[in-house]
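Student: Give me a model of this one.
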Amino acid sequence: MDRRPPVVVLPPASDGGRRVTIHGERMGTAYSLFDVLDFLHQAGLPAEDTAVDDPTLIEWRGGGPYDWNNMA
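Tutor: Coordinates of the predicted model:
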């Protein structure tokens, strides 16, 4: 059975933000890794620094956890 991670972080938009969904629900836009960790915490998911490198928890699209294009 192919299980998808509950968290999806989309590629950076033109303003540098990345939309975040958890269990298919839009949580908001992250402008840094700290924002992603905050969304994880709000959803009751592991919010330790190591969680961002866990492919069973987060699917990073258009770059990984350290790829941000903050132009704002």
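Student: in this structure, which ranges drop under the pLDDT threshold?
Tutor: 1-2, 70-72 (pLDDT under 70).
Student: Distance check, Ser14 against Asn69.
Tutor: The gap separating Ser14 from Asn69 is 9 Å, by Cβ to Cβ, to the nearest Å. No exception for glycine: its C-beta is placed from N, CA and C like everyone else's.
Student: More neighbours: which of the two?
Tutor: Between Ser14 and Asn69, counting by other Cβ atoms under 10 Å, Asn69 is the more crowded of the two (15 against 8).
Student: ok, now which ones touch the more buried one?
Tutor: With contact set as Cβ atoms under 8 Å, 6 or more residues apart in numbering, Asn69 has these partners: 12, 16.
Student: how near is it to Leu10?
Tutor: Here the criterion is Cβ to Cβ. By it, Asn69 lies 12 Å from Leu10.
Student: Just give the number of residues close to Thr21.
Tutor: Other residues close to Thr21 by other Cβ under 10 Å number 16.
Student: so who does Thr29 touch?
Tutor: Shown here is Thr29, whose contacts under the criterion Cβ under 8 Å, 6+ apart are 13, 17-20, 35.
Student: Closest to Arg26 out of these?
Tutor: Nearest to Arg26 among the contacts of Thr29 is Arg19, at 6.6 Å by Cβ to Cβ.
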